[in-house]
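1. Predicted model and sequence below, questions to follow.
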Amino acid sequence: TLASPLFLTGFVVGHAGLYQALAMFAVAYFIIGMTVLSVCAIATNGALDAGGAYYMISRALGPEFGGSIGIMFFLANVCGSALYVLGLVEAVMDSFGIPPGQKVGTGVHVLPQTYWYELLYGTVLLGLCLLVCLVGASIYAKATFLIFLIVTGVLGTILISFFATRPIRVPILLPHLNGSEVENGSFTGFSLTTLQKNLGGDYGVDYTTGQKMSFSSVFAVMFNGCTGIMAGSNMSGDLKRPSYSIPRGTISAVLFTYLVYNLLAVLMCATCNRTLLQKDYGFLRDISIFPPLVTVGIYAATLSAAMSNLIGASRILYALARDDLFGRALALAKKTSASGNPVMAVILSWLVVQLVLFSGKLNTIAGVVTTFFLLVYATVNLACLALEWASAPNFRPTFRYFTWHTCLLGIAGCCVMMFLISPVSASASLGFLLLLLLALHYLSPSSTWGYISQALIFHQVRKYLLMLDVRKDHVKFWRPQMLLMVQNPRGSTRLIDFVNDLKKSGLYVLGHVELQDLDMLPSDPLQPQQDSWLSLVDKLNVKAFVSLTLAPSVRHGVRQLLFTSGLGGMRPNTLVLGFYDDEAPQDGLARHPAFTSTREEVPLGFPPLRAPTTPKLLSAREYVGIVADALKMLRNVLLARQLESLDKAWELRRAASPPPTIHVWPVNLLRPDSARYADTCSLFLLQMACVLNMARAWRRARLRLFLCVEAGTMPHAQEEKLRQLLKDLRIQAQIQLVSWDAITRLHWQTCRGPPGGPGEEEDEEEEGIVNFPTNTTQVSDEYVCAANKLVLEQSPAPAVRFLYLPRPPADTSLYPLYLHQLELLTRGLGPTVLVHGVSAVTSTQL
């Protein structure tokens, strides 16, 4: 980290002036300081392994963010290593290069200065770094400690030189199109005039690239000198006590280098004129009391920085390879020596650095490197911010000198400076990061590191669930919240998919009752099943929760789920059951597109379907009792019959005209003497049909509403009234009149008299009750079969039918007869949903 104060401070203050240079240092170290606080917090929250910042980010934000930032951090270190190698080549050329325009050197100036020669010098120096890194971290640590002692001595010599050296003129040989030219720089000693001239900025042309410098370009070069503070964390896998060493070493390095930067900037501006600062990047050697030591110090510091970035890049690459985020692409980088040194990762990193050296000039890659480092620093702050906001009990770093404010300030500072330095580089880096994120999201294997997103989601969901007040519910914002009872998913896949279309962004719970007694079992049998159900939800691509329970009977289990499913204001308001009949269940799981389109096997966690000869788990009386229980608990009820025969893909994608239809019968066909269309249940039935039609997969379908009329009534007036109701409810549907005189005649033949007779008054229903306690015994099978025929004759055949579900009789002995009538009513109708609503769900208000 001392390489940059020695090598770059003159460049920065020469172009930016003292005021802007100090501002640059303050901004850079503000960003770095906030990031260091985040690094220290994460580093002291648990055991660290190889990879440094990559390891911290990946374990905090998950493999997608970790892998993508790891690649960018690897590239940043690679480019940073190349940057320092090129800087060292420039320093060597200043000392030993043949001046431009001369073919033969004199004295110590014997090294040719062409592109290919400079590339050769850079390759040799990089090879030296490679040799040190191949030996291992121990020799690297010893080498860097030796370099630290040298650089500290050089720094002391330079500070003394500012006071001990007398004013001198320094001739500066600059390259020119016609050869070279000489300018004179001056070391004036401490002079108020010199200081005043150097206070403001005066951006000139960089003599190495010929480009006009600016605040952003100078900041980009300067900021690269500050990235050495991550060297310690990059070596986290090689440190004995990383959680102890990283905070102390990193904070010490930041404070020390910041002080050195500012001190050198003030001394240089007070003693050196602008020409010397801008045109001679090695002027410290010219003013030193012992020039050879300065030369050695600059070489050693720059070489140390190049090695630090190279070994850091190799450790990041090794960590990426070991985590298998990129599969076989990085398999070679896993190989290590007998001592554990990742030699192949070092060699691969060296090869990439060698490729970057072909760019040739230091400032060419400085902007890209700085953008990458800023993006990495922003993500480190984001990781710490996410951990802090998640409020997980296990986030207990021993380093406490940070808050979410420091993380947020670090993120904001990084993002602002990225776009100020180079909007193009920043946008390209973010685009590259997004591509890596998407690739890793879809291609990388799942990890066991834990996902911070889950902790954040939990934190936010809990907060918003507490804010979701059921006392503020309003019918305008009602939505279906489904509890679908599933005995075996193998026979219910299309029903699960159908109810997913019906939920309209509401709660959807798959419920299952296991008939066992926990007192008789050694452990909970539901835990092993949970994974199979969750995998099923993923494969079927339905947005549902899973709720499993143990109970002595299915009815008790459904009661439990109706009472306990959901949380706060998100509780099921609608119970969905498959129909109770004698049809043999079919295994739809093996034929489902989610499994037939891939080579994946059907989940084996579900038992085979019940054989036709095997007795059912619940009786007809218990089944109707479940319906009655749900209505008592003010839950809406849907009974779905033959939904497994619904081929939604074929029905909705066929090109034939007309489009598929949804038939809606909002009248109680088992109670012709109460043929009303505006009661709560009828409106709920209309709402459910409309909700299905609003689903993306069903938008092509058309609603057809059937209005049953009798002779002697005013059918057109009834139709107009119903049409106005649909208009008020904003439901688009075609109304079709159906005469059912012959059907109702059969009903009155079995009743005590015609409408209005003496037996009707005692059966008058209360508001919201849509069936009489004795009505089940008054409806004959002949009438129900005639009603079934009436529904079946309406052509063309629809994709699905919605029918009115009567309320079960109060007399439980009539439950089997009630279920028999429902079976006759829906026999042969194809996919049919019987609907009974108990709550107001439609609104004509704005």
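-> Great, that's in hand.
2. does R555 count as helix, strand or coil?
-> Classification of R555 into helix, strand or coil gives helix, according to DSSP: H, G, I helix; E, B strand; the rest coil.
3. Make 747 the first number, not 1, from now on.
-> Yes, from this point I'll number from 747; that puts the last item at R1301.
4. ok, now which ones touch it?
-> Applying CB atoms under 8 Å, 6 or more residues apart in numbering, one finds that R1301 lies in contact with L1364, E1368, G1371, I1372, D1375. Placement of C-beta: from N, CA and C, glycine included.
5. what does L768 give?
-> Taking CB under 8 Å, 6+ apart as the criterion, L768 is in contact with N1008, A1011.
6. Name the helix or strand for it, please.
-> Per DSSP states H and E: L768 is located in helix 749-789.
7. Check the offset of that helix from the chain's centre.
-> Taking the mean C-alpha point of helix 749-789 and that of its whole chain, the gap between them comes to 33 Å (CA atoms, centre = their mean, to the nearest Å).
8. Check which helices and strands the very next helix or strand once past it is in contact with.
-> With elements assigned by DSSP H and E, the helix or strand that comes after helix 749-789 is helix 799-807. Helices and strands in packing contact with helix 799-807 are listed as helix 749-789, helix 809-842, helix 977-980, helix 1037-1068, helix 1108-1136, helix 1198-1213; criterion 3 or more CB pairs under 8 Å, 6 or more residues apart in numbering; DSSP states H and E.
9. Could you identify the helix or strand that succeeds the shortest one?
-> In other words, helix 977-980. Sequence-wise, the next helix or strand beyond helix 977-980 is helix 988-1017, with elements assigned using DSSP H and E.
10. Tell me the buried residues in that next one?
-> For helix 988-1017, burial by neighbour count (16 or more other CB atoms under 10 Å) applies to 988-989, 991-993, 995-997, 999-1000, 1003-1004, 1006-1008, 1010-1017.
11. cool, stretch 1536-1547 as well?
-> L1536, V1537, Q1540, P1544, A1545, V1546, R1547.
12. Same check on stretch 1553-1567?
-> R1553, P1554, P1555, L1560, Y1561, L1563, Y1564, L1565, Q1567.
13. Cross-reference the residues you listed with the helices and report the matches.
-> Y1561, L1563, Y1564, L1565, Q1567 (DSSP state H).
14. Format those as TSV; extra columns: distance to H1258 and pLDDT.
-> Below are these laid out as TSV (distance: CB to CB, whole Å; pLDDT from 0 to 100):
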residue	distance to H1258	pLDDT
Y1561	23	92
L1563	29	92
Y1564	26	92
L1565	22	93
Q1567	29	92
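15. got these as TSV, with distance to R1417 columns?
-> Formatted as TSV, the entries for these read as follows, by distance: CB to CB, whole Å:
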residue	distance to R1417
Y1561	17
L1563	15
Y1564	12
L1565	16
Q1567	11
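16. ok so, going back, among the buried residues of stretch 1553-1567, which pair sits farthest apart?
-> Maximum pairwise distance among the buried residues of stretch 1553-1567 (CB to CB): 14.1 Å, between R1553 and L1563.
17. what's the closest of the helices and strands packed on helix 799-807 to M1090?
-> Of the helices and strands packed on helix 799-807, the one closest to M1090 (CB to CB) turns out to be helix 1037-1068, at 8.3 Å.
18. how far off helix 809-842 does the closest one point, in degrees?
-> Counting by axes from the mean of the first three to the mean of the last three CA atoms, to 10 degrees, helix 1037-1068 lies at 160 degrees to helix 809-842.
19. helices or strands up against helix 1037-1068?
-> In terms of contact count using 3+ CB pairs under 8 Å, 6+ apart, helix 1037-1068 is assigned the packing partners helix 749-789, helix 799-807, helix 809-842, helix 861-881, helix 883-910, helix 977-980, helix 1029-1033, helix 1089-1102.
20. Return the set of buried residues in that helix.
-> Under 16+ other CB under 10 Å, the buried positions of helix 1037-1068 are 1037, 1039-1068.
21. between that helix and helix 1108-1136, how many degrees?
-> If you take the same axes, to 10 degrees, helix 1037-1068 sits at 50 degrees to helix 1108-1136.
22. ok now helix 1037-1068, how far from the chain's centre?
-> A distance of 35 Å separates the C-alpha centroid of helix 1037-1068 from that of its chain, computed with CA atoms, centre = their mean.
23. V1383 sits in which helix or strand?
-> Under the criterion DSSP H and E, the helix or strand holding V1383 is strand 1382-1387.
24. ok, and what's touching that strand?
-> Residues from elsewhere that reach strand 1382-1387 (CB under 8 Å, 6+ apart): 1226, 1241, 1244-1245, 1248, 1319-1325, 1327, 1373, 1376-1377, 1430, 1434, 1551, 1568, 1572, 1575, 1577-1585.
25. From the residues you listed, list the buried ones, please.
-> Of all those considered here, the ones buried according to neighbour count by 16+ other CB under 10 Å are 1226, 1241, 1244-1245, 1248, 1319-1325, 1373, 1376-1377, 1430, 1434, 1551, 1568, 1572, 1575, 1577-1584.
26. quick one: which of the residues you listed sit in strands?
-> T1320, L1321, V1322, L1323, G1324, T1578, V1579, L1580, V1581, H1582 (DSSP state E).
27. any chance of the residues you listed in JSON lines, plus pLDDT and distance to T939?
-> Compiled in JSON lines, these are given as follows (pLDDT from 0 to 100; distance: CB to CB, whole Å):
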{"residue": "T1320", "pLDDT": "93", "distance to T939": "86"}
{"residue": "L1321", "pLDDT": "96", "distance to T939": "90"}
{"residue": "V1322", "pLDDT": "96", "distance to T939": "88"}
{"residue": "L1323", "pLDDT": "95", "distance to T939": "94"}
{"residue": "G1324", "pLDDT": "93", "distance to T939": "94"}
{"residue": "T1578", "pLDDT": "94", "distance to T939": "97"}
{"residue": "V1579", "pLDDT": "95", "distance to T939": "92"}
{"residue": "L1580", "pLDDT": "95", "distance to T939": "97"}
{"residue": "V1581", "pLDDT": "94", "distance to T939": "93"}
{"residue": "H1582", "pLDDT": "94", "distance to T939": "95"}
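28. Right, I'll call it a day here.
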